[in-house]
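J.: sequence and predicted structure are below.
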Number of protein chains: 4
Amino acid sequence: MTKKLNVGLIGCGFMGKVHSNAYLKLNKFFDVEHEMVMKCICDSNAEKLKTFAEKWGWESTETDWRKMIARDDIDLVDVCTPNNTHHDIVIAAAQAGKIIALEKPLSMDAEDGVPMVEAVEKSGKPNMVWFNYRRVPAAALAKQIIDEGRIGRVFHYRAKYLQDYTISPDVPQGGDALWRLDAKVAGSGVTGDLLAHSIDMATWFIGPIESVCAMTETFIKERVMQGKDKKMPVTIDDACAFLARFENGALGTFESTRYACGRKNQNTFEVNGEKGSVAFDLETAHELEYFDHSDPVSVRGWRTIQTWDSKHPYMKNWWVPGCGIGYEHWHINTLADFVKGLDTGEKTCPDLKDALATQYACDAVLTSAKNKAWETIKKP
Amino acid sequence: MTKKLNVGLIGCGFMGKVHSNAYLKLNKFFDVEHEMVMKCICDSNAEKLKTFAEKWGWESTETDWRKMIARDDIDLVDVCTPNNTHHDIVIAAAQAGKIIALEKPLSMDAEDGVPMVEAVEKSGKPNMVWFNYRRVPAAALAKQIIDEGRIGRVFHYRAKYLQDYTISPDVPQGGDALWRLDAKVAGSGVTGDLLAHSIDMATWFIGPIESVCAMTETFIKERVMQGKDKKMPVTIDDACAFLARFENGALGTFESTRYACGRKNQNTFEVNGEKGSVAFDLETAHELEYFDHSDPVSVRGWRTIQTWDSKHPYMKNWWVPGCGIGYEHWHINTLADFVKGLDTGEKTCPDLKDALATQYACDAVLTSAKNKAWETIKKP
Amino acid sequence: MTKKLNVGLIGCGFMGKVHSNAYLKLNKFFDVEHEMVMKCICDSNAEKLKTFAEKWGWESTETDWRKMIARDDIDLVDVCTPNNTHHDIVIAAAQAGKIIALEKPLSMDAEDGVPMVEAVEKSGKPNMVWFNYRRVPAAALAKQIIDEGRIGRVFHYRAKYLQDYTISPDVPQGGDALWRLDAKVAGSGVTGDLLAHSIDMATWFIGPIESVCAMTETFIKERVMQGKDKKMPVTIDDACAFLARFENGALGTFESTRYACGRKNQNTFEVNGEKGSVAFDLETAHELEYFDHSDPVSVRGWRTIQTWDSKHPYMKNWWVPGCGIGYEHWHINTLADFVKGLDTGEKTCPDLKDALATQYACDAVLTSAKNKAWETIKKP
Amino acid sequence: MTKKLNVGLIGCGFMGKVHSNAYLKLNKFFDVEHEMVMKCICDSNAEKLKTFAEKWGWESTETDWRKMIARDDIDLVDVCTPNNTHHDIVIAAAQAGKIIALEKPLSMDAEDGVPMVEAVEKSGKPNMVWFNYRRVPAAALAKQIIDEGRIGRVFHYRAKYLQDYTISPDVPQGGDALWRLDAKVAGSGVTGDLLAHSIDMATWFIGPIESVCAMTETFIKERVMQGKDKKMPVTIDDACAFLARFENGALGTFESTRYACGRKNQNTFEVNGEKGSVAFDLETAHELEYFDHSDPVSVRGWRTIQTWDSKHPYMKNWWVPGCGIGYEHWHINTLADFVKGLDTGEKTCPDLKDALATQYACDAVLTSAKNKAWETIKKP
């Protein structure tokens, strides 16, 4: 830990807490050259900011993110604010020459995101979008299995991301907690919030999607808008499903909803190849299912790999075999990869340009649903 | 068992064996008024026919199905032949005034099936298509749960039917065993063979599908044609996935393939409603997953219902609680329902007209895939 | 099927039905030389007997088992009567030179069983006890895996057999249906009924148990005795657990109860060896769990082997891969093995002598529980 | 956080790391009155100590635990050293009037532990033993379900704690990492290390065990002793199983081993009552299985409760519903309970006296195994 990295984080909401925890813990579990310094925390709500800073040990505070970005003692700007603010903050931070760590998704839509990518590419500084599910050990193991050629040519990709927290018509929209239900702040509904994860993962595993055909639905048409205290039309997609053709010839099916009663955070994927398959469900995140067709037929079967051996991705940094990790650790793993990239000068994926590709896919999904027609995905 | 029912079965293949077993066992396990008489078995292969008849105890044989249909001592004609023969046999049997039990799917396509339905409607005789998965106790329990209103308004329907037996390019097509891989005999590939089951089930559970958007793929383009001993183009769909909008407003996703390495017979459905959900996987067919949102939050969870209590559908006819049944019993249950309908004069579902609705859906799926566009489903 | 085998079955209860079904189906699914002839069914209840014989197609009936045994046209006597009748019937049948198929357990206790074994050994005729769980394909596969040396030296054996049907104090004892709850008829409770299965399986897999230490309990002390219509003391063991040391040095734990709320027929085993493990649960009977330590560490995991490939034990005789079998088929598989033994002249396991070894183990378990001390198991 | 709590921790090994993490995180996730101050870390290895202190932010260091205990600026002494040192450290800390948090097990044996309990009782200061598995949310939920009377009178308790890390004869014993394999340092093998957890949990759930009958085994008789670099006899129990009778009349079975190939950290319990059951497996620690017999029979089944709702024990302090926690959090939950007890003055369980009861049970288990006889458990 020879180099100090001064971090300025914007946003004291849920993701601000998740990331603060990551900065607090990184150097205690990963041997990286950079030492995290929790230099400055920023939020427009001064009262909340003070409490948060004290609790987490941030050295200083700012209520105006422009001021924080202007400070010379900040090396890395971490953006944990609602989606409609990503554009301005990232461009300003890039222009100020900061390293950028941005909570996903990239932006409101691809048009919103293009100048962001231009700005970070111009600055030439390292940048990353926190697609943390890539750093679930079981998902990283799936990537490794696919890259090792263990499942061979891929025929099928199958992803779901199911939740159920908006089934009640009494759930309001908007405000600090539920801005993800307001399209003006979030850009879109499950497509940008959940399917962006599924698309990022799929692309990472088996390459780009070529075209999509989607349908979306908004089941509850009006909800109380927090702050306005009256019912207003719901503008986001409650549910979205799409068919996909990958550039490599594989077929994909993707589905997400917040109306799947009993599914809290069921983010799944299954990849079927000619020599084997892998399958994953975030609700049992420490397990990867793996089928190896080359096993003798009488003892062939889906293996449940419990990914808590020290040989599994990330796990030698944590406790001992058999001792599981959870939601927070995937973020710390993500940060660890990014900081290792800072150590070595190598790019960490996904950066903002990679995230723009995902954003183009999300846009194509929404356009397809609107037009009821297949849509080819643009490229960054 | 006061009335004898003389059965004539056409086809000594795999389904002929499954149905023979059903006729043999029905009266031993179900209290119905009709007594099954295994009167006549018919197959064009005389040698195979003789062995089969002796083994299963069929009283007589015919090598020409037209002769069997012409016999006065046959009440019920059971059709277990390849799909391209259904049309002629069913129409002839209907014209001869026979009760008809037809192995699914109805026909090569809807056009092929319409005159069949007209013929049976004209005859006025009971008729049924063997969609046996409706008679898996767990599936029948799902139907019961939905009909009781336990899951409320339905938002989502999700079906998969995955197999893996054609991954190897060395698998041939055609012949007695693999006619399902030859579109001239089967009509289509996974759409008619597997998705017909999924569509039948979905429609039974939550009502008709209004429109679909599909994609299909043939991964291996040429295979040896049995009988011709040379490679010929593969004409069926190896895989098919489609989006669906139900008339009741629910969204559906359906997928089937024979290229899902590690999945032998994974026929699944999940239905998400506002008050609960049900989920099923044929690979653990005795279990139904049920989520009841009205349970107290601290003890709420997906219940694994082992459907082998005497109170579960069909199970009082079988052994004792805790003693499971299997593939063959779903067919016997199907026959039992049909024969109970004969006892009472009530229609048993699905009849040929119901199956025509499924055939229209399959046709719309294939048309949609061909045209790369949404397609509205016609009605019988 | 060149040789006819005339079967006489005693007992029209539940097991009589299970065995009748096996005789009806055997030749339709297994290529054996002997043809089953359902010659005579016997039960003291004449009315029940008549209905049963007609339903199942038994050619003749007897109400006195001595008369049936005296008949020259009976080759094989199958005993499906309560345990306290096994002794007399088996000895008489053996003296009459019959082939014997006896429903488990062997006898009331080992003392009751010794003369039975002597009688069959003296007759020299083939004989078998229906320990059907050996013929569950997944259990037979476990045996194969162990015999192939795949798990190596065995350290641990762990068996449970849990049910819950006697939790209510309102369940009566005795009578036709519940004679297993009356020690005068059954000999013992869960020890003879359920743990006999577990002991038979364990011995088959890894060899004899050397000594045991057990505890038993009767949770509900009095129940209505059917036929006497008054409460009488419960004389059987409701629950039994024991520690075991095998002759090969492995440690074993065994437990059975009818008071495990939620467990209908949970018959499990797990065998841990130095190179791997196998585990099984009858409630998902088509699956065997197998852990192979020689897999590369990153992709090592418990495999769920779905034992419905044609390469799995018994499965080529049933439907096609992916089509499951159930409770009844394990009995048919058992009969198939026995009849193959008749074809070839080879002994089929377990015969009555093997069952006597299991009976000695059960006796030692009960003695140990009574004396609160370790007990060495006697040998036949 | 008005009161500062100065913590002195002894031992920089694995548990020292786990506890340091707990002190670092407690106030960030739990609203308690005491603020953790990581005042002093102590280890005899000066080099290791320095690195550890810097990494975790301990304010000061000591290489002699007696010196640390003598310091006035230490309120709480946390003992994370091998078992053979617990006695001296705890007594000294108690005599110095310190609050004590002791890693389990209490001591080498009960005789070793009695004076420790006397010392803390004399001091009158709060004290706790870190039996962290009580603080797994699913286990705490099981306790709640039992206490609410949901499963009624308990008939059966069933516990396993299976690992596999000592199967290879090449695993050495002793040294910093493997002192648990050396009876001179650990007191016993799996009995004190693993079954102590199972006994603590069982007692917490349904009350004290009255008597036990056990067997133990050492499969590999000699291993290289680290430090001595030669093979020496293995003095610990590799495996232990015992039968138990609880004071409330329930029957128990317990088993632990480090020779269960494929089981990394399988700590399970199942409790069967007259109205329901609960079951748990640490390998899927976020889930509790619950069977409620009062559900209607057709929809009755084992519920898989995913314990990550904010209403589940401890979970409102962590992320949001659907976001899991892991191994480290159970320790933080444990600390939170202890510190809440310091806030309110109420005792937190288990304290050293409670742990002595568990130690007596472990002693009885080992004595029973040695004497091959039932043993009654003494009480503190």
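T.: Now that the structure is in, tell me what you want to look at. Numbering: from 1, shown residues only, chains lettered A, B, ... in the order given.

J.: going forward, measure contacts between C-alpha atoms and count neighbours the same way
T.: Will do.

J.: would you check that residue A:32 makes contact with residue A:341?
T.: No: proximity of residue A:32 to residue A:341 does not meet the contact threshold set by CA atoms under 8 Å, at 9.7 Å.

J.: okay, the two: which has more neighbours?
T.: For residue A:32 and residue A:341, the more surrounded residue by other CA atoms under 10 Å in any protein chain shown is residue A:32, and the numbers stand at 21 against 17.

J.: quick check on that one: phi, psi?
T.: Torsion angles at residue A:32 (phi, psi; degrees, to the nearest 10) stand at phi -120, psi 160.

J.: try residue A:60
T.: phi -150, psi 170.

J.: next one: residue A:185
T.: Reported as degrees, to the nearest 10, the phi and psi values for residue A:185 are phi -100, psi -40.

J.: OK, contacts around the residue lying closest to it once chain neighbours are set aside?
T.: Distances taken as CA to CA, 6 or more residues apart in numbering or on different chains place residue A:84 nearest to residue A:185, at 5.1 Å, with adjacent residues excluded. For residue A:84, the contacting residues are A:107-108, A:184-187, by CA atoms under 8 Å, 6 or more residues apart in numbering or on different chains.

J.: what does chain A have sitting close to chain D?
T.: In this structure, chain A approaches chain D at residues A:14, A:27-28, A:55-56, A:264-265, A:283-284, A:319, A:321-328, judged by CA under 8 Å from any CA of the partner chain.

J.: which members of those residues are classed as buried?
T.: Among the residues of chain A next to chain D, those buried by neighbour count (16 or more other CA atoms under 10 Å in any protein chain shown) are A:27-28, A:56, A:264-265, A:283-284, A:319, A:321-328.

J.: these: which ones sit near chain B?
T.: Of the entries in those, none also sits close to chain B under the rule CA under 8 Å from any CA.

J.: looking at these, spot the one nearest chain B.
T.: Looking at those and their distance to chain B, the nearest is residue A:264, at 10.7 Å (CA to the nearest CA).

J.: thought residue A:167 was touching residue A:262?
T.: No: judged on CA under 8 Å, residue A:167 makes no contact with residue A:262 at a distance of 10.6 Å.

J.: neighbour-wise, which of these two wins?
T.: residue A:262 (26 against 19).

J.: what residues sit buried inside the longest helix anywhere in chain A?
T.: When chain A is scanned for its longest helix (criterion: DSSP state H), the result is helix A:352-371. Neighbour counts over helix A:352-371 (16+ other CA under 10 Å) mark A:352-369 as buried.

J.: how about the secondary structure of the residue in the stretch 51-200 of chain A that chain D sits nearest to?
T.: As assessed by CA to the nearest CA, chain D sits closest to residue A:55 within the stretch 51-200 of chain A, at 5.8 Å. Going by DSSP: H, G, I helix; E, B strand; the rest coil, the secondary structure assigned to residue A:55 is helix.

J.: for the longest helix of chain A, packing partners?
T.: helix A:110-123, strand A:127-130, helix A:196-206, strand A:209-217, strand A:375-376 (3 or more CA pairs under 8 Å, 6 or more residues apart in numbering or on different chains; DSSP states H and E).

J.: quick one, which of those is packed in tightest?
T.: Neighbour counts (mean count of other CA atoms under 10 Å in any protein chain shown) averaged over each of the helices and strands packed on helix A:352-371 peak at strand A:127-130, with a mean of 27.

J.: any idea which helix or strand comes after that one?
T.: Towards the C-terminus, the helix or strand next in line after strand A:127-130, according to DSSP states H and E, is helix A:137-147.

J.: the next helix or strand after that next one near chain B at all?
T.: The element immediately downstream of helix A:137-147 (helix or strand, assigned by DSSP H and E) is strand A:154-162. Yes: with CA under 8 Å from any CA as the threshold, strand A:154-162 lies in contact with chain B, specifically through A:155-156.

J.: mind checking pLDDT for the spatially most central residue of chain A?
T.: In chain A, the residue lying closest to the centroid (CA atoms, centre = their mean) is residue A:131, at 2.7 Å. At residue A:131 the predicted local confidence, pLDDT, stands at 96.

J.: and it, what is it in contact with?
T.: With contacts taken as CA under 8 Å, 6+ apart, residue A:131 has the following neighbours: A:103-104, A:197, A:200, A:334, A:350.

J.: repeat that for 10 Å
T.: A:102-105, A:196-198, A:200-201, A:330-331, A:334, A:349-351, A:355 (CA atoms under 10 Å, 6 or more residues apart in numbering or on different chains).

J.: quick check: buried residues in the helix or strand of chain A with the lowest mean pLDDT?
T.: Ranking every helix and strand in chain A by mean pLDDT, DSSP states H and E puts helix A:183-186 at the bottom, with a mean of 92. Of the residues in helix A:183-186, those buried under the neighbour-count criterion (16+ other CA under 10 Å) are A:183, A:185-186.

J.: how about those in JSON lines, adding distance to residue A:78?
T.: Compiled in JSON lines, the buried residues of helix A:183-186 are given as follows (distance: CA to CA, whole Å):
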{"residue": "A:183", "distance to residue A:78": "23"}
{"residue": "A:185", "distance to residue A:78": "19"}
{"residue": "A:186", "distance to residue A:78": "18"}
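
J.: please name the bridge partners of residue A:102.
T.: With DSSP bridges as the criterion, the beta-bridge partners of residue A:102 are residue A:79, residue A:129.

J.: tell me the pLDDT at the closest residue to chain C within the stretch 1-150 of chain A?
T.: Checking the stretch 1-150 of chain A residue by residue against chain C with CA to the nearest CA singles out residue A:141 as nearest, at 7.9 Å. The predicted structure scores residue A:141 at 98 on the pLDDT scale.

J.: give me the number of residues near it?
T.: The burial metric for residue A:141, expressed as a neighbour count using other CA under 10 Å, is 23.

J.: right, and it touches residue A:308 too?
T.: No: counting by CA atoms under 10 Å, no contact exists between residue A:141 and residue A:308, whose distance comes to 11.1 Å.

J.: overlap of the contact sets of these two?
T.: Residues touching both residue A:141 and residue A:308 comprise A:287, A:314, C:298, with contact defined as CA under 10 Å, 6+ apart.

J.: tell me, how many residues neighbour residue A:43?
T.: Residue A:43 has 23 neighbours, counted by other CA under 10 Å.

J.: show the model's pLDDT score for it.
T.: Confidence score, pLDDT, at residue A:43: 98.

J.: repeat for the one 10 residues further on
T.: According to the model's per-residue confidence, residue A:53 sits at a pLDDT of 98.

J.: and for it, the neighbour number?
T.: Residues contacting residue A:53 under the criterion other CA under 10 Å number 19.

J.: which ones are touching the closest residue to it other than its chain neighbours?
T.: In space, and not counting its chain neighbours, residue A:53 is closest to residue A:41: 6.5 Å by CA to CA, 6+ apart. Under the criterion of CA under 10 Å, 6+ apart, the neighbours of residue A:41 are A:7-12, A:16, A:20, A:49-50, A:52-53, A:56-63, A:65, A:68, A:77-78.

J.: would you mind listing what in chain A touches chain C?
T.: A:141-142, A:144-145, A:287-292, A:297-313 (CA under 10 Å from any CA of the partner chain).
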